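K.L.:
Got a sequence here, can you model it:
(chains A and B)
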Amino acid sequence: MPEPAHHFQRSAHHFQHTPHPADPFADEPAVTDVQYDDAVDDDYEDGNALAGPLSELFAVDVVSAQGQCTGCGTTGPIAQLRVYGPGPGLVARCPVCGQVVLRVVRGTESAWLDLRGTVSLQFRLGADR
Amino acid sequence: MARAAVSGRLGERLRWRVATLVGQRVETPAARTLVLDVPGWPGHLAGQHVDLRLTAEDGYSTQRSYSIASAPDGASLELTVQRVSEGEVSPYLAQDLLDGDLLELRGPVGGWFVWRPEQSEPILLVAGGSGIVPLMAMIRARRQLGVTTPFRLLYSVRTPEDRMYVDELQAPDPGLEVTFLYTRQVPEDWPRFPSRITEKDMAAVAWPPSMLATSYICGPTAFVEYAADLLVELGQPPDRIRTERFGPTGD
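P.N.:
The predicted model follows:
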């Protein structure tokens, strides 16, 4: 029986998440090699796209937080990182040096957040405590 | 009010909601506005987006982010979706949906690419293609609240028929100046040849640096990078330029 036209259909070039059952970052070196070609590539979004996935993990908005990169020391809003993905996870790179500042992988029942490229995150909370 | 938390979800974990499609409007041959009813919608800030989750009958599921086009209005929410050929999701959203269909969404999210009504500085909005959508939400929120903050919009499109919201943008709105820019084909008797945005185009709309304006740029990644560079070359402080990129195609 043909499916109704208004049903979402899976296409050939789907993006499927197949996270490793254990820590997907476990086998990787602690320091990411920075290899980065600034000139040609525009196949990325920016950190604004992390707002939904990170809202599953944080009580406050992370994309407006100021993050500092371990690669070059630059500080700026998470919204301005260059985000590559979506599979097998979202990879957010420093727009200045290309260091991987943050990665997030969402599995079926867990999420993994890799912050090894982040020195710190500063959240503006206002004066009330 | 200065909290980083997004309105409506302080202390509440963001959850998926079910929205009902209650209306559709054709904006251009390739773009359609979806009018959604979202029970319990907490409201949003102009510039925020939602994530849509689509699930096929075999269980395959995928997500996309879409900017909110409407000003806050109770449980009603409008998204404008541009069809990207070869796209996995946008052809479905922009042509196959029927009124009454249900969609899963979560939001509002994003606390950085937003305009807040209490901002008193002049605003420059720069849109490339469907990058107009979150900027339109800012224009609509400004008008809804009756604030007089000066706004300028520079809207780059390929051809005149690619303009979204054209009647609304051409209607009088005191304090809003709209400039269209065409990259492939221009209207009859148009004084400018079709070309991508130039420094001259940007200089004509950029606020003087001394006014400490905030600029919002949204569009395909290459457009946003180029437009932001032009503003910096014109003396705008980089920390007063806010950008949102949706990749090479936007799907």
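K.L.:
Per-residue confidence, residue 91, what does it come out as?
P.N.:
Since you didn't name a chain, this refers to chain A. What the model reports as pLDDT for A:V91 is 96.
K.L.:
That was the other one, I meant chain B.
P.N.:
B:P91 is assigned a predicted lDDT (pLDDT) of 87.
K.L.:
correct me, but it touches B:R83?
P.N.:
Yes. Judged on CB atoms under 8 Å, B:P91 makes contact with B:R83 at a distance of 5.4 Å. Yep, even glycine has a C-beta here, placed from its N, CA and C like the rest.
K.L.:
Could you check the pLDDT of residue 10?
P.N.:
As the question left the chain open, I've gone with chain A. At A:R10, the predicted lDDT confidence score is 50.
K.L.:
The chain in question should be chain B.
P.N.:
For B:L10, the pLDDT comes out at 48.
K.L.:
Quick check: neighbours of the helix or strand containing B:L154 in the sheet, parallel or antiparallel?
P.N.:
Element membership of B:L154, judged by DSSP states H and E, is strand B:151-157. Using DSSP bridges, the strands paired with strand B:151-157 in its sheet are strand B:123-128 (parallel), strand B:176-182 (parallel).
K.L.:
In the stretch 51-200 of chain B, which residue sits nearest chain A?
P.N.:
Closest approach of the stretch 51-200 of chain B to chain A (CB to the nearest CB) occurs at B:G111, with a separation of 3.3 Å.
K.L.:
A strand includes that residue, no?
P.N.:
No. Judged by DSSP: H, G, I helix; E, B strand; the rest coil, B:G111 forms no part of a strand; its state is coil.
K.L.:
Can you name the next helix or strand after the strand holding B:L154?
P.N.:
Per DSSP H and E, strand B:151-157 leads on to helix B:166-170 as the next helix or strand towards the C-terminus.
K.L.:
Who are the packing partners of that following helix?
P.N.:
Helices and strands touching helix B:166-170, as assessed by 3 or more CB pairs under 8 Å, 6 or more residues apart in numbering or on different chains; DSSP states H and E, are absent.
K.L.:
May I see the buried residues of it?
P.N.:
B:166, B:169 (16 or more other CB atoms under 10 Å in any protein chain shown).
K.L.:
List the contacts of that helix.
P.N.:
Residues lying outside helix B:166-170 but in contact with it, judged by CB atoms under 8 Å, 6 or more residues apart in numbering or on different chains, are B:136, B:139, B:153, B:155, B:163, B:178.
K.L.:
Am I right that the first one is in contact with B:Y155?
P.N.:
Translated: B:M136. No. Under the criterion of CB under 8 Å, B:M136 lies out of contact with B:Y155, with a separation of 9.6 Å.
K.L.:
Stretch B:33-53: end-to-end distance?
P.N.:
One end of stretch B:33-53 to the other measures 17 Å (CA to CA, to the nearest Å).
K.L.:
List the contacts of the closest residue to B:G43 other than its chain neighbours.
P.N.:
The shortest distance from B:G43 to any residue that is not its chain neighbour, by CB to CB, 6 or more residues apart in numbering or on different chains, is 4.6 Å, and that residue is B:P72. Contacts were defined as CB under 8 Å, 6+ apart; by that measure B:P72 touches B:43-45, B:141, B:144.
K.L.:
sec struct for B:F223, please.
P.N.:
B:F223 - assigned by three-state DSSP - is helix.
K.L.:
Quick check: the farthest pair among the contacts of helix B:166-170?
P.N.:
In the contacts of helix B:166-170, the most distant members under the criterion CB to CB are B:I139 and B:R163, with 13.8 Å between them.
K.L.:
okay, those two: which has more neighbours?
P.N.:
Neighbour comparison, B:I139 and B:R163: the larger count goes to B:I139, with 23 against 20 (by other CB atoms under 10 Å in any protein chain shown).
K.L.:
residues contacting the more buried one?
P.N.:
Going by CB under 8 Å, 6+ apart, B:I139 touches B:125, B:151, B:153, B:169, B:173, B:176.
K.L.:
isn't the residue of the stretch 51-200 of chain B closest to chain A right up against A:F58?
P.N.:
No. Under the criterion of CB under 8 Å, B:G111 is not in contact with A:F58, lying 11.0 Å apart.
K.L.:
For those two, indicate the residue with more neighbours.
P.N.:
Of the pair B:G111 and A:F58, B:G111 is the one with more neighbours under other CB under 10 Å, namely 26 against 18.
K.L.:
Now that one: closest residue in space that isn't a chain neighbour?
P.N.:
Excluding its sequence neighbours, the residue lying closest to B:G111 (CB to CB, 6+ apart) is A:D61, at 3.3 Å.
K.L.:
The one you found: neighbour count?
P.N.:
Other residues within reach of A:D61 by the criterion other CB under 10 Å amount to 25.
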